[in-house]
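Asks: just coords:
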């Protein structure tokens, strides 16, 4: 999978140069030359083995732009062959796996292949972004005491935006259960959007936001309102919604009331279409829900 920084190396970062002659070579300078050919900082390329006629280097990168690798085999061998104490002959060869295998490709053919691969990945990414799953939460929903009206609403609205939406059975108010469901959907099941409803309140049973933070500790969880912790049923200091990024998915945790789900989802969709950052989506959702709560409070206290 490609990332904003390049293509994932999948931990295959070793470059082996076989049948090379070494006699008093400066391995530090050799690593720098290889880094220059690859267009990388000097401290990201290290020699990890040098014995007999084998030289092994490691690139300290989790991702890299494949275009800066393709067709660089000959340039790399020529560059290190100019160093003192290094002998490169017709028998010298470069071996690498994963992304670094592109070094040995013909540059023109390799770039054409990369263009095709990049287009395929863009298509796959676009399809993943439009795959959604909805998880209602709450013991009362699981027990059938109340009807889940949120999932049909969310499904219908997302389908109008071109999403393919899966519905899942309600999840009980159990931290590990919710966290496991979110993690699987984000990391293993290829969803681009995971929506939960309920469990964002300040009572002991409410644990959806904590489950989201277990999947992504950097999740954005703005408050809708705050309470005095320990006062009445308020075991926590307020009500929050959450937006996180994990695996292939954006995670969106909305409240339980149907009108708040509709309002929050509408605010989220505008920013989802723009592929906004989680914190931007979270604040947009929180802002409209704060306004709705304020309206409700005014209505409740009206004479």
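Replies: In hand now; what should we look at? Just so we're clear, the structure is a prediction, and the values are computed from it rather than from any experiment.
Asks: next one: phi and psi at the closest residue to residue 171 other than its chain neighbours?
Replies: The shortest distance from residue 171 to any residue other than its chain neighbours is 4.6 Å, reached at residue 137 (CB to CB, 6 or more residues apart in numbering). The C-beta positions use only the backbone N, C-alpha and C, and glycine is treated the same way. Reported as degrees, to the nearest 10, the phi and psi values for residue 137 are phi -130, psi 160.
Asks: quick check: residue 79 touching residue 37?
Replies: Yes: taking contacts as CB atoms under 8 Å, residue 79 lies within contact range of residue 37: 5.4 Å.
Asks: more crowded one of those two?
Replies: Neighbour tally, residue 79 and residue 37, criterion other CB atoms under 10 Å: the higher count belongs to residue 37, 20 against 17.
Asks: any idea how far residue 78 is from residue 34?
Replies: 12 Å (CB to CB, to the nearest Å).
Asks: and these two? which has more neighbours close in?
Replies: residue 34 (23 against 11).
Asks: in this structure the more buried one contacts residue 81, no?
Replies: No: with contact defined as CB under 8 Å, residue 34 does not count as touching residue 81 (12.0 Å).
Asks: can you tell me the centre-most residue of the chain?
Replies: Centroid-nearest residue in the chain, with CA atoms, centre = their mean: residue 247, separated by 4.2 Å.
Asks: and stretch 71-83, what's buried?
Replies: 71, 72, 73, 76, 77, 79, 80, 83 (16 or more other CB atoms under 10 Å).
Asks: kindly apply the preceding question to stretch 180-191 instead.
Replies: The neighbour-count check on stretch 180-191 (16+ other CB under 10 Å) flags 181, 182, 183, 185, 186, 189, 191 as buried.
Asks: which one of those is nearest to residue 253?
Replies: residue 182 (8.8 Å; CB to CB).
Asks: so what touches the helix or strand hosting that closest one?
Replies: When elements are defined using DSSP states H and E, residue 182 is found to belong to helix 175-187. Helix 175-187 has contacts (CB atoms under 8 Å, 6 or more residues apart in numbering) with 133, 135, 137, 168, 171, 191, 194, 196, 199, 207-208, 210-212, 214-215, 246-249, 251.
Asks: let's see which of these end up in strands.
Replies: Among the contacts of helix 175-187, the members falling in strands (DSSP state E) are 133, 135, 194, 196, 246, 249, 251.
Asks: which of those residues sit farthest apart?
Replies: 135 and 246 (14.0 Å).
Asks: those two: which has the busier surroundings?
Replies: residue 135 (24 against 19).
Asks: quick one: the more buried one and residue 193 touch, right?
Replies: No: using CB under 8 Å, residue 135 is not in contact with residue 193; the gap is 11.5 Å.
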